[in-house]
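Colleague: Generate coordinates for the sequence data below:
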Amino acid sequence: MAAERTTAQADAGTTARRAPASARRDDPGVTSGSVTGAYELHYHRAGPPDAPPLVLLHGSGPGVSGMSNFAGNLPVLARTFRTYVPDMPAFGRSPGPDGWKARYPVVAAEALRFFLDELGIERAHLLGNSMGGNVAAEFALAHPDRADRLVLMGPGGLAVNTFGPEQSEGTKRLFAFLAEPSREAMRAWVETMVADPALITDALLDERMAMATAPGAVERALSVFGTFADPRFADDAPLWARASRLTHRTLVTWGRDDRMLPYEGALFPFRQLPDAELHVFARCGHWAQVERKAEFERVVVEFLTRP
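Modeller: Numbers count the residues shown, from 1 in each chain. The predicted structure follows:
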């Protein structure tokens, strides 16, 4: 088993905060590190070492990382859980593989297995946002005994648009940005991610543009999305067609005003998942963890801690 390296060892210039070795439940702290071997995965961690493990899996898009999705939620969730926030392959500070041997969520699910192995985590709750929900579901199907409860937030792969077009407004604007990155294109995409336009501040756009236009970010995103159209994987059954096999206790959350993965996409997985419940947030787009932060955290903690 490869040794876990702290960020200080991996990058002497890191600005990540460190928690004491024995984090208290009222002081979850944040540390960061990386695991190397079959994959190289950077991650952040917070919460008491004796708490149940929870892994937060971010969504996709140019420049996205684990902390860009969950930095605001980590302190709250870490009060109850030993919480891990990895950068999945080809995102954040985790490089992608030399080539793709399957659709991205399948590869990322195997990277998650490697991550848990290296940290000695036998079983964990999984919370996945968008593409991260796809990865969580693929992992649970491939390694059912290692996934505890699942929280799937507007999960890609499981969403089925019964009435609307297959390519949503948000998806079109995302690919428009990838084709010609600009601040205007970024604003147009982010507008589809939230219900309240007041959340789209100059600071948010500055942060997103910096991440999305970092060297290689657009190319890596296009590479990830390209796996879904790769003819080598055309005969692989889509995730939604295997939904009935996902027997884990599952909370599906959705924003009623989601324009990236419209709410109607929730109905098929909710019907097909054998042990699922659905929570829909009003006045909410694709970023429930941001727009309905307190309510989202309350619902997640309640679901994961109930008997």
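Colleague: Okay, helices next: where are they in the stretch 151-300 of the chain?
Modeller: For the stretch 151-300 of the chain, applying DSSP state H, counting those that start in this stretch gives helices covering 169-179, 183-191, 202-212, 217-226, 267-272, 288-291, 293-305.
Colleague: if you compare those, which one is most tucked away?
Modeller: Comparing these by mean neighbour count (mean count of other CB atoms under 10 Å), helix 288-291 ranks first with a mean of 21. No exception for glycine: its C-beta is placed from N, CA and C like everyone else's.
Colleague: Select, out of the helices of the stretch 151-300 of the chain, the one closest to residue 89.
Modeller: Closest to residue 89 of the helices of the stretch 151-300 of the chain, according to CB to CB: helix 217-226, at 8.4 Å.
Colleague: Which elements pack onto the helix or strand hosting residue 137?
Modeller: Per DSSP states H and E, residue 137 falls inside helix 131-142. If you count contacts as 3 or more CB pairs under 8 Å, 6 or more residues apart in numbering; DSSP states H and E, helix 131-142 packs onto strand 53-57, helix 104-118, strand 124-129, strand 147-153.
Colleague: Now tabulate those in CSV and tack on mean pLDDT, mean neighbour count and distance to residue 92.
Modeller: Converted to CSV, the helices and strands packed on helix 131-142 look like this (pLDDT from 0 to 100; neighbours: other CB atoms under 10 Å; distance: least, CB to CB, whole Å):
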stretch, mean pLDDT, mean neighbour count, distance to residue 92
strand 53-57, 98, 26, 12
helix 104-118, 98, 23, 12
strand 124-129, 98, 27, 14
strand 147-153, 98, 25, 18
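Colleague: Would you reformat those as JSON lines and include distance to residue 223?
Modeller: Below are the helices and strands packed on helix 131-142 laid out as JSON lines (distance: least, CB to CB, whole Å):
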{"stretch": "strand 53-57", "distance to residue 223": "19"}
{"stretch": "helix 104-118", "distance to residue 223": "9"}
{"stretch": "strand 124-129", "distance to residue 223": "20"}
{"stretch": "strand 147-153", "distance to residue 223": "24"}
